[in-house]
Structures are given as C-alpha cells and as structure tokens.
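Student: I'll drop the sequence and a predicted model, then ask my questions.
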Protein chains: 2
Amino acid sequence: MGFAFDEATTVESVGEGRYRGQVSPDWSIGIASNGGYLVSLGLAALGRALPHPDPFAVSAHFLARADPGPVDVPVEVVRAGRGLSTGTARLEQEGISRVHLTATFGDLGALRGPTVVTGALPAIPPPEACVPAVGSEASPFTQRFDLRLTPESAAWVTGRPSGVAEVAGWIRFADGRPADAASLPLFADAFPPTAFNLFEGVGWVPTIELTVHVRGRPAPGWLRCRFRTRFLIGGYLEEDGEIWDAGEHLVALSRQMARVNL
Amino acid sequence: MGFAFDEATTVESVGEGRYRGQVSPDWSIGIASNGGYLVSLGLAALGRALPHPDPFAVSAHFLARADPGPVDVPVEVVRAGRGLSTGTARLEQEGISRVHLTATFGDLGALRGPTVVTGALPAIPPPEACVPAVGSEASPFTQRFDLRLTPESAAWVTGRPSGVAEVAGWIRFADGRPADAASLPLFADAFPPTAFNLFEGVGWVPTIELTVHVRGRPAPGWLRCRFRTRFLIGGYLEEDGEIWDAGEHLVALSRQMARVNL
C-alpha cells in the first residue's frame, strides 16, 4: 500500500454486503469526481465479495455527480460460478445513487483457449516525443498520472482542436504504482475526452455509461492507449478505447457513451 | 400486436416492481435461448417502469442459460431524471438469476446537440446478392428473421471458415414487424458468431456480457449490420457490431464479450 490509488479506493466492511469508503478529492476534475475512479472504488468493494480475482467485464451507469466525502457501497453477489462470478455495486451518498455498476469477475491467470489477434498495435510516438499533460489545483486528477499525449491529441490544449475525435498517448501512475487488472478501468477513463479535439470550448463531457473489458494483466511499464469517436449523433457519442501494455499486448478494451455539452 | 417479437416479450405486472413473462421456445438456438431475446424481455419490463421511451445504453450480464417457460422479472428504478432514467431488470427462473441487465433510457426523438460522423457505412453487397440464412426445427431462432449473409460471412456454412472473424449482412423480421429502438438490442445479437469464421467446429459461443448503445430510431426496411472480432485472447473475444438503417444512418453500436468453446 502507500500508493494513492490504493488509499483512495480502500473500503471497510460495515455489515453483510455493505462497505464504506471515501470519495477522495484528489481524483476530481473540476467539481466532478472522475468516473473511472468511482468505478474503481465500487470494484474494490465488489471484489471483496466475489470469489474470483480479476474484473473481466465491467458495466457502469453514471446517475449523478459524486462529491468528495463518505460513500456507502452496497454490493450484491448475483451469481458465483466455478469460472466466473457476477455482482453489483452501487455508490450512494446521502441516500442518492451516484453510480451503479455490474461486473463479472474471473481469473486472468487461468485463461485456457485459443488466441487470434488481428487488431494492430496503435502507432504512437515514444513517450519522450509526446506532450506531458499537466494537472492543476482545481483539477488534481491529472496530477495522479504521468500522462503523455501525442502532439495531434494535444492540439486542443493550445485552442486549436485537431478536428479528429481521437486522443492517444502513454500513461502510468505518477507515484510508481504498477498498473494491474484492477486499475485498468481507471486508465480507461483517464485521458481527456476525444470531443476536446472536435470543437473549441467543449465543457464537461459527462459519461452516461462505461464498459471495460479487461483482457489481460498488464506487464510493468507504460500503458499505450488510444481513444476514438466515430459517431457523435445529436450530442451523444461513443468513445472506444484500447489499452496495450509495455509488452505490446492488448490488456483492455473500453467503450463509453457520453454527452457533449457545448 | 400480433407480431412474434411483441408476443414473445409481453410481460404482465404482478406487483410493485415485479413482472412476469414467458421465455418462448421460438427464440432458441439449440438448447439456449438467444441472449438478445432475453435482453429484450427484460427491457420490456424495465421500459414499463421507467418514464422515458427509448433504451439508450443497455448492459447485460449473462449468468446462466434460460429455459423456455415462465420467468420472473423483478425491476428496480435506480434513478429517474429529467432527460435520462436508469434501472435494472433481472430474469429469474426457479429462484436462479439467468440475466442481469442495467439500462439507461431517454428520448431519441428529443436529441439536441451536434452530429459529426466519421464512421463509414459498411460496404455490403445488396440483399439479393447475399446468402439467406435458414433456420431449423432444432434452432427456431433463425426462422424469426429474414437474414442475408455476405458470401464471405457465410463461408463457415459450407465447412470452410473464411479465417476472418467477421460476419456482415442484412436483417429484418420475417413477419414484417418494423424494426424500432426497442428491438435493436435483439438485432445486435441475432447474427451467427464471428468465431464460426475462425475455426471449424466451434460449438456454443456463450455471451458473458453484452452492451448495446441505441443511437437512433431506425427507418423502415432492412438493417445493414457488421460484426467484427479483433482480439480473441485465451478463449475470450469481443464482438463489435454496427447496425445501420435503410436511410444509411447508424442506429446502434454493440459490443459483447463471449467465450469460444472449441
């Protein structure tokens, strides 16, 4: 322990199927807690209730903004099978549900079956050729990471969106915590929104729903990530993510539905 | 009414947040009820409890095979907001949860916001140049549809998988029921598995998790669909789907995690 992510996702058991934690202010972007962080908090509780070690498929629906402070996390084991188990977790503050998540856990160390990969490793310049993303006091979330954006991805920073709804680059924890299966849902929601490269002056891009498929345990080192949007329709978009580890293996796929507020 | 899909997804209210329906044997593939059909049954109940008309984001986790016969569908409204509402539904038979789904509903007729589409319409030969998929008595599900596969997609039918984990073609209800937002989650799971084109003798490809994002109400006519797999890793794969309507608008994106049993 001692790493910020583990401290910020610690939950204590307060009864059968009931956990309590703290929404840390250190993982906020403006007034909103990061969605991937909230999912990680819920998974920390759910993972204690399920018999398998790794999240395989995580579905989160975001209902209301969460505020820094205490949070109740009721969990329910829906099914505990031999190879997979499924449960739900909810983040509640003042009796209001903020996030509802369902996850199926399994054992990534016990995968037995064929492998056929045709998806190509995203071509991204090395970290030293990318642009470091800098956090601010108002948005401490970014300070939790060493995040490097490709120059094209970072175009919006200087007020000139690239026009291409894509954000790519490298990420790792700023405090040296190694990435693992449990933290991949966080990394899946840690890059700036793709919509920042479509329009100037995009405000909050609230996530409606986030799905993460964890496909492997990451090797130590940088995570290579790419997020793309192909369909912005009537203000709603999908953001499709790929996370690859330093061994050039795909370790997670993500997709979220979000709303663009211009 | 009078259409098979509506009859097979009819639920009756049997108390506060409790519905009951019938898992129809007409939507089975071998001994398994189709996952998209089961999701539609759950959504039919949930839709009656939520104030908005259309499913926007649907997340379903599949826990156990469902059998033809009575099914209890407890639903819970987790949040009813102004523009969106979220709830859960569970399909239970003999006290065992078979499917757990969470869905966020909204109003596809009230979308206000920018549209930027860069995803390309899938190039697919016209229906009359495609191969009709034929159902069987043992697998009546296919008989519910007029389903045409591209010649390459249908390669596995003759025992020569194409080697490309892709299935594409056209689909509509066999009985003339128009497609609508409520039926898109069904269509998202109605094509043969992509894995049939990877290996000979693939057995059941059970879905672990299915997410459907409904992005528009389909125009009348054929739906143009493409499903692709890029990452089969240790026996688990994603299947990414696009559904376009006859007006050449994207109306749904889907992704499922499934397991390949060789």
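Tutor: Structure received.
Student: what's the nearest residue to A:Val164 if we skip its chain neighbours?
Tutor: A:Asn197 (5.9 Å; CB to CB, 6 or more residues apart in numbering or on different chains). All C-beta atoms are positioned from the backbone trio N, CA, C, and that covers glycine.
Student: same thing with A:Gly109?
Tutor: Nearest non-adjacent residue to A:Gly109, counting by CB to CB, 6+ apart: A:Arg217, 7.2 Å away.
Student: For chain B, see how far away that neighbour is.
Tutor: Separation of A:Arg217 from chain B (CB to the nearest CB, to the nearest Å): 11 Å.
Student: OK, contacts around that residue?
Tutor: By CB atoms under 8 Å, 6 or more residues apart in numbering or on different chains, A:Arg217 lies in contact with A:Asp54, A:Leu108, A:Gly109, A:Asp180, A:Ala181, A:Val251.
Student: mind putting those residues in a markdown table, pLDDT included?
Tutor: Output for the contacts of A:Arg217, formatted as a markdown table (pLDDT from 0 to 100):
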| residue | pLDDT |
| --- | --- |
| A:Asp54 | 98 |
| A:Leu108 | 98 |
| A:Gly109 | 97 |
| A:Asp180 | 98 |
| A:Ala181 | 98 |
| A:Val251 | 98 |
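Student: Derive a ChimeraX selection command for the buried subset of these.
Tutor: Here is the ChimeraX command that selects the buried residues among the contacts of A:Arg217 (16 or more other CB atoms under 10 Å in any protein chain shown):
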select /A:54,108,181,251
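Student: the strands in the stretch 1-150 of chain A, which residues?
Tutor: Along the stretch 1-150 of chain A, counting by DSSP state E, counting those that start in this stretch, strands occupy A:11-15, A:18-23, A:28-29, A:32-33, A:54-62, A:69-80, A:85-93, A:96-106, A:116-117, A:131-132, A:145-149.
Student: Any idea how many residues pack against the residue nearest to A:Val164?
Tutor: Counted with other CB atoms under 10 Å in any protein chain shown, residues neighbouring A:Asn197 total 22.
Student: Then A:Ala179?
Tutor: Neighbours of A:Ala179 using other CB under 10 Å come to 25.
Student: now A:Leu50: how far from A:Leu210?
Tutor: Remark: distance between A:Leu50 and A:Leu210 (CB to CB, to the nearest Å) = 19 Å.
Student: of those two, who's got more company?
Tutor: Neighbour count, other CB under 10 Å: between A:Leu50 and A:Leu210, A:Leu210 has more, with 29 against 24.
Student: Next one: whichever strand or helix holds the more buried one, is it in contact with chain B?
Tutor: Using DSSP states H and E, the element containing A:Leu210 is strand A:207-214. Yes: using CB under 8 Å from any CB of the partner chain, strand A:207-214 reaches chain B at A:Ile208, A:Glu209, A:Thr211, A:His213.
Student: Report the closest residue of the stretch 151-262 of chain A relative to chain B.
Tutor: With CB to the nearest CB, the shortest gap between the stretch 151-262 of chain A and chain B falls at A:Gly235, namely 1.8 Å.
Student: That residue contacts B:Leu108, correct?
Tutor: No: with contact defined as CB atoms under 8 Å, A:Gly235 does not reach B:Leu108; the gap is 11.6 Å.
Student: longest helix anywhere in chain A?
Tutor: helix A:35-49 (DSSP state H).
Student: give the contact list for the closest residue to A:Leu186 other than its chain neighbours.
Tutor: Nearest non-adjacent residue to A:Leu186, counting by CB to CB, 6+ apart: A:Gly36, 4.2 Å away. Each residue near A:Gly36 by CB under 8 Å, 6+ apart is listed here: A:Pro185, A:Leu186, A:Phe187, A:Ala188, A:Asp189, A:Ala190, A:Leu210.
Student: residues of stretch A:78-97 that come out buried?
Tutor: For stretch A:78-97, by 16+ other CB under 10 Å, it's A:78-79, A:84-93, A:97.
Student: mind putting the residues you listed in TSV, pLDDT and distance to chain B included?
Tutor: Converted to TSV, these look like this (pLDDT from 0 to 100; distance: CB to the nearest CB, whole Å):
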residue	pLDDT	distance to chain B
A:Val78	97	5
A:Arg79	97	4
A:Leu84	98	7
A:Ser85	98	9
A:Thr86	98	5
A:Gly87	98	9
A:Thr88	98	7
A:Ala89	98	12
A:Arg90	98	8
A:Leu91	98	11
A:Glu92	98	10
A:Gln93	98	13
A:Ser97	97	5
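Student: among those residues, which two are most distant?
Tutor: A:Leu84 and A:Gln93 (30.2 Å; CB to CB).
Student: residues from the stretch 151-262 of chain A in reach of chain B?
Tutor: So the stretch 151-262 of chain A meets chain B at A:165, A:198-199, A:208-209, A:211, A:213, A:215-216, A:230-236, A:238, A:250, A:253, A:255, A:257, A:259-260, A:262 (CB under 8 Å from any CB).
Student: Buried subset of those residues as a ChimeraX selection?
Tutor: To isolate the buried subset of those in ChimeraX, counting by 16+ other CB under 10 Å, use the following:
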select /A:165,198,199,208,209,211,213,215,216,230,231,232,233,234,236,238,250,253,255,257,259,260
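Student: Keep only those of the residues of the stretch 151-262 of chain A next to chain B that are in strands.
Tutor: Among these, the members falling in strands (DSSP state E) are A:208-209, A:211, A:213, A:231-233, A:236, A:238, A:250, A:253, A:255, A:257, A:259.
Student: Among these, which one sits closest to A:Gly221?
Tutor: Closest to A:Gly221 out of these is A:Leu250 (14.8 Å), distances taken as CB to CB.
Student: ok and the residue in the stretch 1-150 of chain A nearest chain B?
Tutor: A:Gly113 (1.8 Å).
Student: Is that residue in contact with B:Gly235, as I believe?
Tutor: Yes: in this structure, A:Gly113 is within contact of B:Gly235 by CB under 8 Å, at 1.8 Å.
Student: Return every residue with contacts to both of these two.
Tutor: Jointly contacting A:Gly113 and B:Gly235 under the rule CB under 8 Å, 6+ apart are B:Arg259, B:Val260.
Student: Does the residue positioned nearest the centre of chain A lie in a helix or a strand, and which?
Tutor: Closest to where the C-alpha atoms of chain A average out (CA atoms, centre = their mean) is A:Leu186, at 2.7 Å. In this assignment (DSSP H and E), A:Leu186 forms part of helix A:184-187.
Student: which other helices and strands contact that helix?
Tutor: Helices and strands touching helix A:184-187, by 3 or more CB pairs under 8 Å, 6 or more residues apart in numbering or on different chains; DSSP states H and E, are helix A:35-49, strand A:54-62, strand A:207-214, strand A:250-259.
Student: Pull the distance from stretch A:179-189 to the chain's centre.
Tutor: 6 Å (CA atoms, centre = their mean, to the nearest Å).
Student: likewise stretch A:116-124?
Tutor: Distance of stretch A:116-124 from the chain centroid (CA atoms, centre = their mean) equals 21 Å.
Student: And that stretch, what's buried?
Tutor: Residues A:Val116, A:Pro122, A:Ile124 are the ones in stretch A:116-124 that count as buried (16+ other CB under 10 Å).
Student: just checking: which of those residues also lie near chain B?
Tutor: Contacts with chain B within the buried residues of stretch A:116-124, as defined by CB under 8 Å from any CB: A:Val116.
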